[in-house]
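Visitor: Build the 3D model from these lines:
(chains A, B and C)
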Amino acid sequence: MTEPHKLIHRDLPDHQPVAGGIAARARATAVPQYLSALNPEQREAVETLDGPVLVLAGAGTGKTRVLTSRIAHILSQGRARPGEILSVTFTNKAAREMKMRLGQMLGQAVEGMPWLGTFHSIGGRILRTHAELVQLKSNFTVLDVDDQIRLLKQLLQAENIDDKRWPARMLAGLIDGWKNRGLTPSQVPSGEAAVFANGTGGKLYASYQERLKVLNAADFGDLLLENIRLFREHPDVLRQYQHRFKYILVDEYQDTNVAQYLWLRLLSQTASSPAAIAPRDAVQDHVPQTQPSASPPKNICCVGDDDQSIYGWRGAEVDNILRFEHDFPGAKVIRLERNYRSTGHILAAASHLIAHNEGRLGKTLRTEDEDGEKVTVTGAWDSEEEARAIGEEIEQLQRAGNNLNEIAILVRASFQMREFEDRFVTLGLSYRVIGGPRFYERAEIRDALAYLRVINSAADDLAFERIVNVPKRGLGDATVQLLHDHARKRRIPLSEAARAVVETDELKPKARGSLRALLDNFARWSTQRETMPHTELAEMVLDESGYTEMWQKDRSADAAGRLENLKELIRSMEEFENLQGFLEHISLVMDRDGGPDEEAVSLMTLHSAKGLEFDNVFLPGWEEGLFPHQRALDEQGRAGLEEERRLAHVGITRARRRAKLYFATNRRIHGSWSTTVPSRFLDELPAHNVEITESKGGSGWGGTSGYGPSRFDNLESFGSRYTTPGWQRAQANRTRGGFNEAGTAYGGGTSRSKRAPLTIEGELIAKSTGTTSDFSIDDRVFHQKFGYGRIVKVDGNKLSIVFDKAGEKKVVDSFVERV
DNA sequence: GCCCTAGCGCTTTTT
DNA sequence: GCGCTAGGGC
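Guide: Here you go, the predicted model:
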């Protein structure tokens, strides 16, 4: 490992924006700029370098700034060299951002921070260095969830377990959970191991781990768990890393799971003596401990916010942060409570809401900003009206000069997005969905990667199986089964078995020829790999295998996007030196690409909004059952409710200037319409900071149930007077019959509610007319989202189109092209 | 080997 | 009410 030492002593150019010449200034008596820019608490968090430190950083209090400044401080004080600082984050995005900001502070020091990365990438890196000690080779494959499931399915089949009753997915979930808790197969409590398939769960976990070793593969959980095992079984290796890392920094500590906690704890012990940290009962029950002793723990600094812990369901232990002082005796706890993001009303609303949680360390966010606009709560008749109202407000904001990039809609569950998408398409409002399937999880990307994996390692059975019949080449289940039998009998990889089988007459001539052609291709590609740049190779493989052609021939609406993704994949390979290097990193660091930065409203789940901020935030769907989600309540009880409340807190604190909450009285749940009750979280907001705005629903809601009366049962009692223009329009419209002029219901054309929509359609259409469309009735058109269709009505630039798949929709003409 | 249909389940998601 | 999956029929 190279550890460029020069960073600290190098003369930095004067034009460096933030910290031109940190080192020089630090040596001088003057306070360096990166410190003087901090408030007292932040500064304390940066300057407290010795011993364990917990920084409780509320939303918008400058968490990342503290982390990066702290690194800068350690370096400029000469306390450690860049290679001696371990700095872990959860996501690649967070790691990238830290690198970027450090780069701004320190010049080109980023390359000098070799141990700044995600838990998994750092764990994976350590594991590759010592792979042989955990029965792997250094070029081991990191399996994604898909591979994992496929492997488990094979194991279930081998054990003759009915995978209807005991789905592989469920087992994958269990194993994942065990790994999150740092449990190897032998450490799983027998009671838990027995819950799957009449007691075989533990055994399956063990044989899964064995199979992984045979395949020279690790799953995500292993990157940490095998690391822990490595450290436990080889104290000399552990000591090496303990010695190396003089400082440890952890981002988003509230999201760490038990495995990550154990990993950190092992690394944070002083190299000279064993554990200095108090034992942890919960963990101790299952995990053999290194005995505690009395020497001081290392300089570990964890930054997090217990009020933003929203990943309990995937193994995060809020307890880790709640018990920090207990786990790391002598820890200094520093609270950052000055919020630099939101206005007074927003902050007050969020603080008051989160104060209803019991299991928290307690912080009070404050701001010096003005009160600003009150948080608004709006009731709508149903989800469609909710989308319509939000669409209208967004258009108003847009007219008032707000940038669409500063507007976000945050939903609890992704099914809520659809209604907004439909609405925005109708309005011709550009939007982008954040989150969703990640780039490398897309089928086409994984297929392409599978080809490359087989070229890289002929023993990669999972990859081989994935693409053996993609595109279709007549090698179906029967053929694959035959290959499996061969491979198992002779204990060889599938591709090798295939090579043997094509020399026999066990396969029908057609399949045999097809398989031979594939194998010949792979043989040729492997040879060409030596002489050809890897990007070119990849392109060629996709062409010659017929994979590209498969999508070119595909007529479905997203085929073009898939081809685009494949191009993007090849582009992204350029950053790596060779195929091996690319594949090693792909599963860990590949992120979805930013894409073009057109101005657009952001649409995402509350979970994916963590860490982001917007001037205007819309929060629809605040209803019992949806938010808080019924399942969270059913499965986790009070803990579930508190996590939901933290989610609500995260949602509100994303807003800088406007937070707008909505609830609908009627919502479609699992297909059928039900009446819903406003969320209890609305009742928990401080009346003083909240304003009930226009409510178009008027009738039909009410009905308390579940948790007692809500002041939203009767909006008038809360100050709403139904005098807003929208309300009056809706009233007027309703007496006229309420249907839009086309007579068709919105959002589908086919069956829809018995109830007439309340909004005035005329206004909408008037807005978008002005230009006349050059489309006419019966034109055949294509739409990115809805596919092919036929125009049935033209109204200015607004078209009514009956789509082959999506039914009738109204669309602005610029969104379609003639075919 | 491929295509059609019945049946199920349906919160959040990173690595 | 919709979309995915598995299994059966051709």
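
Visitor: how about low-confidence regions in chain A?
Guide: A:1-30, A:108-112, A:271-297, A:555-557, A:589-597, A:694-774, A:783-787, A:795-800, A:805-815 (pLDDT under 70).

Visitor: Excluding covalently adjacent residues, which one is nearest to the residue nearest to the spatial centre of chain A?
Guide: The centroid of chain A falls nearest to residue A:608 when counting by C-alpha atoms, centre = their mean (5.5 Å). Distance criterion C-beta to C-beta, 6 or more residues apart in numbering; nearest residue to residue A:608, sequence neighbours excluded, is residue A:435 at 3.9 Å. The C-beta positions use only the backbone N, C-alpha and C, and glycine is treated the same way.

Visitor: re the thing from before, the residue nearest to the centre of chain A contacts residue A:438, doesn't it?
Guide: No. In this structure residue A:608 lies outside contact range of residue A:438 using C-beta atoms under 8 Å: 10.7 Å.

Visitor: Buried residues in the helix or strand containing residue A:523, which are they?
Guide: Element membership of residue A:523 [criterion: DSSP states H and E] is helix A:509-531. Going by neighbour count (16 or more other C-beta atoms under 10 Å), the buried part of helix A:509-531 is A:511-512, A:514-516, A:518-519, A:521-522, A:525, A:529.

Visitor: from those residues, which single one is nearest residue A:74?
Guide: residue A:529 (43.0 Å; C-beta to C-beta).

Visitor: so what's the closest one up against?
Guide: A:455, A:537, A:579 (C-beta atoms under 8 Å, 6 or more residues apart in numbering).

Visitor: What distance do you get for the second one to residue A:578?
Guide: For residue A:537, the distance to residue A:578 equals 10 Å [C-beta to C-beta, to the nearest Å].

Visitor: Near DNA strand B, which residues of the stretch 601-750 of chain A are found?
Guide: Selection of the stretch 601-750 of chain A residues close to DNA strand B by C-beta under 7 Å from any atom of the strand yields A:604-605, A:607-608, A:629, A:631-632, A:635, A:640, A:644, A:670-671.

Visitor: ok, how many other residues are close to residue A:323?
Guide: Residues within reach of residue A:323, counting by other C-beta atoms under 10 Å, total 16.

Visitor: Same check on residue A:692?
Guide: Close neighbours of residue A:692, defined as other C-beta under 10 Å, add up to 21.

Visitor: Bridged to it, which residues?
Guide: Taking DSSP bridges as the rule, residue A:692 bridges to residue A:377.

Visitor: got the contact list for residue A:74?
Guide: Contact partners of residue A:74, counting by C-beta under 8 Å, 6+ apart, are A:49, A:80, A:85, A:247.

Visitor: if I've got this straight, residue A:665 is in a helix?
Guide: No. Counting by DSSP: H, G, I helix; E, B strand; the rest coil, residue A:665 is not found in a helix; it is strand.

Visitor: Look up how far residue A:639 lies from it.
Guide: To residue A:639, residue A:665 is 29 Å away according to C-beta to C-beta.

Visitor: neighbour count winner among these two?
Guide: Legend: neighbour count by other C-beta under 10 Å for residue A:665 and residue A:639, higher for residue A:665 (26 against 14).

Visitor: What's the separation between the more buried one and residue A:394?
Guide: Look at residue A:665 and residue A:394: by C-beta to C-beta, they are 22 Å apart.

Visitor: Name the surrounding residues that touch the helix or strand residue A:464 falls within.
Guide: Using DSSP H and E, residue A:464 sits within helix A:461-467. Residues outside helix A:461-467 that contact it (C-beta under 8 Å, 6+ apart): A:141, A:143, A:147, A:150-151, A:215, A:217, A:446-447, A:449-451, A:453-454, A:458, A:480, A:487, A:493-495, A:498, A:545, A:547.

Visitor: how does it look with 7 Å?
Guide: Contact partners of helix A:461-467, identified using C-beta atoms under 7 Å, 6 or more residues apart in numbering, comprise A:143, A:147, A:150-151, A:215, A:447, A:450-451, A:453-454, A:480, A:493-495.

Visitor: before we move on, what about stretch A:494-501?
Guide: Stretch A:494-501 is touched from outside by A:454, A:458, A:461, A:464-465, A:482-483, A:486-487, A:490, A:507, A:515, A:519, with contacts defined as C-beta under 7 Å, 6+ apart.

Visitor: With stretch A:411-421 instead?
Guide: By C-beta under 7 Å, 6+ apart, the surrounding residues in contact with stretch A:411-421 are A:383-384, A:387, A:409, A:431, A:433, A:603, A:605-606, A:620-621, A:626-627, A:629.

Visitor: can that stretch be found next to DNA strand C?
Guide: No. Stretch A:411-421 lies apart from DNA strand C when judged by C-beta under 7 Å from any atom of the strand; the minimum separation is 8.6 Å.

Visitor: DNA strand C: which of the contacts of stretch A:494-501 is nearest?
Guide: Using C-beta to the nearest atom of the strand, residue A:465 comes nearest to DNA strand C of those, at 14.2 Å.
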